[in-house]
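Enquirer: Quick one: sequence and predicted model below, then my questions.
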Number of protein chains: 2
Amino acid sequence: METRDLIDKNEGKNLPYQEVFEVTSDLIEEISAALRQKNIEQLDYLLDPLHSADIAIIFEQLRGEDRNELTAYFGPEMNPEVLTELEDNALDQVIRQMDDQDVVEAISQLESDDAVDVLEDIHPKDRNRIIAAMPDEERLAVEEGLSYPEDSAGRMVQKNVITVPGSWTVGRVIQFLRTEEELPPEFYEIFIVDPLHHPIGMVSLSQLIRSGDLAPVWEIMDTDPKVVPADIDQEEVAHLFRQYDLTSMGVVDGDGRLLGMITVDDVVDVIDEEAEEDILRMAGVQETDITESILEASKNRIVWLLVNLGTAILASMVIAMFEASIEQMVALAILMPIVASMGGNAGTQTMTVTVRSLATKDLTPSNVKRVIGKEFAIATMNGAVMAVIIGVLSLLYFDNPLLGAVIAVAMIINMVMAGLAGILIPVGLERINIDPALASSIFVTTITDVIGFLAFLGLASIVLM
Amino acid sequence: METRDLIDKNEGKNLPYQEVFEVTSDLIEEISAALRQKNIEQLDYLLDPLHSADIAIIFEQLRGEDRNELTAYFGPEMNPEVLTELEDNALDQVIRQMDDQDVVEAISQLESDDAVDVLEDIHPKDRNRIIAAMPDEERLAVEEGLSYPEDSAGRMVQKNVITVPGSWTVGRVIQFLRTEEELPPEFYEIFIVDPLHHPIGMVSLSQLIRSGDLAPVWEIMDTDPKVVPADIDQEEVAHLFRQYDLTSMGVVDGDGRLLGMITVDDVVDVIDEEAEEDILRMAGVQETDITESILEASKNRIVWLLVNLGTAILASMVIAMFEASIEQMVALAILMPIVASMGGNAGTQTMTVTVRSLATKDLTPSNVKRVIGKEFAIATMNGAVMAVIIGVLSLLYFDNPLLGAVIAVAMIINMVMAGLAGILIPVGLERINIDPALASSIFVTTITDVIGFLAFLGLASIVLM
């Protein structure tokens, strides 16, 4: 529901903001009920005022059967923008439920970057059939977009971009913008190109309008337009937008010719996606969405669980080496998980900070040595504090000073190793081009488990037996 | 270094993109060397072509003493935009090194939202002194901004916003934009306000320029402008920008009067911050940056470690309850960490997906029951797979079918509990207004450790002893 409407509607009720701004659960329930009763009038009343992004949310929140009913309700009138907002599984379902001809028409109406965005998300079988049925111009544009690697700048290119020669005056450019028919629905910046279509400058609409009519546009343009080649990763694109507070960025082909532009609204989604990918990968979950099926979600997570089962068994084999010591002194079995678990926590802290610093490019070859030294110092300090606490507690509880000393030393060893593993592993993985978010935590927890058990049980066997 | 320059400079060298687009380690080294030699000419040569955001990166990457030298090099010529890009610790250091008068002048030149952004990040003692010395108009603007809660929309407001009455014609608005002196340096949208300064519409610059001169602006405006009250959280603001692909959004006071606007470039930073906060909090790290001191970083992380030490001791107390059983059968000590650790991994997977779904508002009261059912099903399926594998392995290794059965049953119990804890805990914390990213993992791992040891050792004591 439009923000403004909702504010008016809820005036004075002092609802929590979540309720004020969102598609509410009540609305979803009402729509679901109307769908089941096939109450078209009620559906019109509820859905007409909504933004396409809100309609997409409703599609995602509805149960599968209601989703099909809603698709049927919209029929050929489906707003193409809704498709661009849907997550993969819901999108697949909606596309399959729609008439092919309607899908083709909807996608052909979209800007080329949005069309590519929808097409790359749907099932390959459906995708090829739909592309084949598109009108030539739109088909060629999406085929070009899809020819670039997934998650590359080329996939995000909006071909419809305004270009003018540098010799035009400001007045002529403004006249052109006011009268030309085929312009993008919204634009913030204009590219200035040379005769070979190389971008040589950029001017924002507000700079243009604030300049005198007679000035040639090359005089007022930013002569250092941000452009990127089409094959760079979207993560780099997002980084540049963030770093330089950009609104639009040009994308060029291998010969430096302007292919189109990327706009900030698409970059907002990329930033979100990339951060989400890192969070999920660190926990061993692949890219996912709320509409994923149980079987998909289960498969998605089981690989990680299997790898972890392997590392847990490895840790158990370390314990098994000290079977005799444990038999002699069961206190070792009671205390050993503490050493391993604290190492795991400290290692995860350092690893998470490192993975983020790598992603935001705060951690670079210039400062990596200093940061490693810093993490070593932090690990030693915090390890010492934990060692003293657990040493004293063990001494008091088991009334055994040597046992207290053994666990204290094992704790500091494991926490220092954890700190070092937490920085060296992600940095090393990044260097060999493996996503540090993906693989770091397996290695870090394996190391902290193995070292934790080995240090504690090993020292205990030497000192106490 | 400007992207374009670097592309030219590196043409044909086929460098990895990271090197093409970033402030390189070599550049940092050269600047550091020039600072030590006080080679002003070389510094001019290296620094003059750089964007303010790149200068900020250089400040952050330099060692502390070089940072002071660089501050001295810029002196009163410091570009105020650099201050807006610096992270907290580097900013504090630079501000302290600069003359107070220079700081005041720099901050007074910034847009009100950027000035607030800088001031809220610096040490309170410095902050108050600087604000007191600012010219009245700028001082009042930042005092107003700072009067709103931290991380609220009010802190992000740019007061300098273009407003016109709805009765003006398009031609008159364009004329106004072209001739008025006091306008923001860049603008994309214009607000239409009523005589009481309530926003009644919004029009983008491109819509304006594409419309006929004689149309009154109320005829072409978007009559449903997105506006938010100043006290809502920045996370909500970011969500609205993302959801509706906004470029600017109005901010109103308690009486619905337009205070100013928030622009998408600031929102990009918020999205980044919020995602980072979630990632770090889940690993038990407070907001941090690369320039933080060792002592700060150590303090930052130790609270989490202490809490985890408590939960690890709790888990040990569970093990201690079964001392006699372990003494009788050391295999239990060898196998027990596997059950606990697999529960921890499965719980973390579910918890991470849940925390993200809550943050992106994909998980709502409408679908929470369905999602809980789904997580239960996933946990049961994956738990069953792990149970079979570990049961068979234990049977084979220890040649004890009952032990295999016990660990299999304990595994499935713990993994199902882990799945339920992974969704119910974050959802419950969100409901009582505690950030689920902050506290979920403590509860989830405590539960999986305690249940893991309890189920496995408890069952073993009953069945095997």
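Expert: Now that the structure is in, tell me what you want to look at. Numbers count the residues shown, from 1 in each chain, chains lettered A, B, ... in the order given.
Enquirer: how about residue A:204, phi and psi?
Expert: Per-residue torsions, residue A:204: phi -80, psi 160 (degrees, to the nearest 10).
Enquirer: how close does it get to residue A:328?
Expert: Distance, residue A:204 to residue A:328, by C-beta to C-beta, to the nearest Å: 77 Å. C-beta: built from backbone N, CA, C; applies to glycine.
Enquirer: One more: residue A:453?
Expert: 16 Å.
Enquirer: Can you pick out the residue with more neighbours from these two?
Expert: Of the pair residue A:453 and residue A:328, residue A:453 is the one with more neighbours under other C-beta atoms under 10 Å in any protein chain shown, namely 28 against 16.
Enquirer: what's the pLDDT at that one?
Expert: Turning to residue A:453, the model gives it a pLDDT of 97.
Enquirer: That one sits in which helix or strand?
Expert: Applying DSSP states H and E as the criterion places residue A:453 in helix A:436-464.
Enquirer: Show me what that helix is packed up against.
Expert: Applying 3 or more C-beta pairs under 8 Å, 6 or more residues apart in numbering or on different chains; DSSP states H and E, we find helix A:436-464 packed against helix A:264-282, helix A:294-321, helix A:323-328, helix A:331-359, helix A:401-431.
Enquirer: redo that, cut-off 6 Å
Expert: Packing partners of helix A:436-464 (3 or more C-beta pairs under 6 Å, 6 or more residues apart in numbering or on different chains; DSSP states H and E): helix A:264-282, helix A:294-321, helix A:331-359, helix A:401-431.
Enquirer: quick one: which of those helices is nearest residue B:393?
Expert: helix A:294-321 (7.3 Å; C-beta to C-beta).
Enquirer: Now that closest one: average pLDDT?
Expert: 94.
Enquirer: Repeat that for stretch A:199-207.
Expert: On average, stretch A:199-207 scores 94.
Enquirer: Identify the residues contacting that stretch?
Expert: The contact list for stretch A:199-207, computed with C-beta atoms under 6 Å, 6 or more residues apart in numbering or on different chains, reads A:188-194, A:221-223, A:225, A:227, A:250, A:258, B:186-187, B:205.
Enquirer: Buried subset of the residues you listed as a PyMOL selection?
Expert: Provided next is the PyMOL selection string for whichever of the contacts of stretch A:199-207 are buried by 16 or more other C-beta atoms under 10 Å in any protein chain shown:
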select buried, (chain A and resi 188+189+190+191+192+193+221+225+227+250+258) or (chain B and resi 186+187+205)
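Enquirer: Okay, and which of the contacts of stretch A:199-207 map to strands?
Expert: Secondary structure defined by DSSP state E assigns A:189, A:190, A:191, A:192, A:193, A:227, A:250, A:258 of those to strands.
Enquirer: Relative to residue B:284, how far out is the residue nearest to residue A:327 when sequence neighbours are not counted?
Expert: Closest residue to residue A:327 apart from its sequence neighbours, by C-beta to C-beta, 6 or more residues apart in numbering or on different chains: residue B:330 at 5.1 Å. According to C-beta to C-beta, residue B:330 stands 33 Å off from residue B:284.
Enquirer: number of nearby residues for residue A:137?
Expert: 10.
Enquirer: What residues sit buried inside the helix holding residue A:453?
Expert: Residues A:436-461, A:464 are the ones in helix A:436-464 that count as buried (16+ other C-beta under 10 Å).
Enquirer: Helix A:294-321 and that helix, what's the angle between them?
Expert: If you take axes from the mean of the first three to the mean of the last three C-alpha atoms, to 10 degrees, helix A:436-464 sits at 20 degrees to helix A:294-321.
Enquirer: Sketch out the low-pLDDT regions of the stretch 51-200 of chain A for me.
Expert: Applying pLDDT under 70 to the stretch 51-200 of chain A flags no residue at all.
Enquirer: Tell me the residues on it that lie near chain B, please.
Expert: Contact residues (C-beta under 6 Å from any C-beta of the partner chain) of the stretch 51-200 of chain A with chain B: A:53, A:61, A:177, A:178, A:186, A:187, A:188.
Enquirer: quick one: which two of those are the most distant?
Expert: Farthest pair in these (C-beta to C-beta) is A:61 and A:178. Separation: 42.4 Å.
Enquirer: if we can go back for a sec, wait, the residue nearest to residue A:327 touches residue A:323, no?
Expert: Yes - the criterion here is C-beta atoms under 6 Å, and residue B:330 meets it with residue A:323 at 5.0 Å.
Enquirer: Which residue of those two possesses the greater neighbour count?
Expert: A count of neighbours by other C-beta under 10 Å puts residue B:330 above the other of residue B:330 and residue A:323, at 20 against 14.
Enquirer: per-residue confidence for the more buried one?
Expert: In this prediction, residue B:330 has a pLDDT value of 95.
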